[in-house]
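Engineer: here are the coordinates; sequence isn't available:
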């Protein structure tokens, strides 16, 4: 399971912190990619052009956040 349970929930399950951290990183990446209007509205009709724009957005995010570290 990747979502932590509430204390008052009847169902108990295991909580894998590593999987939860990975899921959180993926959610943050998707949130940052949604800042690019071209990606959210998907102007490209062809899948390969859309994938190229995703790559460009990922490079921009990498450059933006690598300079702050």
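Structural biologist: Alright, I've got the coordinates. All values reported here derive from a predicted model rather than from experimental measurement.
Engineer: switch to C-alpha atoms for all contacts and neighbour counts from now on
Structural biologist: Noted.
Engineer: max-length helix in this structure?
Structural biologist: helix 47-66 (DSSP state H).
Engineer: from the contact counts, what lies against that one?
Structural biologist: helix 17-33, helix 37-41 (3 or more CA pairs under 8 Å, 6 or more residues apart in numbering; DSSP states H and E).
Engineer: what would these look like in JSON lines with distance to residue 53, mean neighbour count and mean pLDDT?
Structural biologist: What follows is the helices and strands packed on helix 47-66, written out as JSON lines (distance: least, CA to CA, whole Å; neighbours: other CA atoms under 10 Å; pLDDT from 0 to 100):
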{"stretch": "helix 17-33", "distance to residue 53": "10", "mean neighbour count": "13", "mean pLDDT": "89"}
{"stretch": "helix 37-41", "distance to residue 53": "7", "mean neighbour count": "12", "mean pLDDT": "88"}
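Engineer: who's sitting farthest from the centroid in this protein?
Structural biologist: The outermost residue of the chain, judged against the average C-alpha position, is residue 10 (30.3 Å), by CA atoms, centre = their mean.
Engineer: now that one, what's its secondary structure?
Structural biologist: Three-state assignment for residue 10 (DSSP: H, G, I helix; E, B strand; the rest coil): coil.
Engineer: three-state assignment of residue 7?
Structural biologist: Looking at residue 7 with three-state DSSP, the answer is coil.
Engineer: now it: how far from residue 24?
Structural biologist: Separation of residue 7 from residue 24 (CA to CA, to the nearest Å) stands at 21 Å.
Engineer: with residue 32 instead?
Structural biologist: 12 Å.
Engineer: and for residue 57?
Structural biologist: Distance from residue 57 to residue 24, by CA to CA: 19 Å.
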